[in-house]
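Chemist: Provided below are the primary sequence and the corresponding predicted coordinates.
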Amino acid sequence: MPTLTLSFPHTLPPEEAAARIRGFVAELRAGHPEYAGGIRESWEGTRARFEGTVMGFTASGEIEAGDREVRLILSYPFVAAPFRGRIEAMIRETAETLLH
């Protein structure tokens, strides 16, 4: 599986950054169950492992809210590789909104 590793700077306390991410995922699941209803996450403090199906693609990874950045590691199927640029742009846009 291809992997995408991204970092997003922030000035929030790590717990607040993690809380915003948890809230976003909950809203995404509730608001768009047909696209993101299968997302499962397991949090330990400010670090999570996740997996699920988003828009028909199965993905998994880790996310960690640190003191100055949020780091995301996303593994996705080869069939989604042509959409890598769009996936990255969407994640970056969402992170910018959530973390500032």
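Modeler: Received it, and whenever you're ready, just let me know what you need. What you see is a predicted model, and the numbers here were worked out from it, not measured in a lab.
Chemist: hang on, residue 5 packs against residue 72?
Modeler: Yes. Assessed by C-beta atoms under 8 Å, residue 5 is found in contact with residue 72 at 7.1 Å. Where C-beta positions appear, they are placed from N, C-alpha and C, glycine not excepted.
Chemist: those two: which has the busier surroundings?
Modeler: The neighbour comparison of residue 5 against residue 72 (other C-beta atoms under 10 Å) goes to residue 72, with 20 against 10.
Chemist: and for residue 13, the neighbour number?
Modeler: Counted by other C-beta under 10 Å, the residues lying close to residue 13 total 12.
Chemist: distance check, it against residue 65.
Modeler: 9 Å (C-beta to C-beta, to the nearest Å).
Chemist: now swap in residue 25 and tell me
Modeler: As judged by C-beta to C-beta, residue 25 and residue 65 stand 13 Å apart.
Chemist: if you count surrounding residues, which of the two has more?
Modeler: Between residue 25 and residue 65, counted using other C-beta under 10 Å, residue 65 has the larger neighbour count: 26 against 18.
Chemist: remind me which residues of this structure are low pLDDT?
Modeler: Applying pLDDT under 70 to the chain flags no residue at all.
Chemist: look through it and tell me its longest helix.
Modeler: Looking across the chain with DSSP state H, the single longest helix is helix 14-31.
Chemist: quick check: bridge partners of residue 60?
Modeler: residue 51, residue 75 (DSSP bridges).
Chemist: assumed residue 87 was part of a helix.
Modeler: Yes. Per DSSP: H, G, I helix; E, B strand; the rest coil, residue 87 lies within a helix segment.
Chemist: what's the burial count for it?
Modeler: Under the neighbour criterion other C-beta under 10 Å, residue 87 is assigned a count of 19.
Chemist: mind listing what it touches?
Modeler: 4, 74, 76, 80 (C-beta atoms under 8 Å, 6 or more residues apart in numbering).
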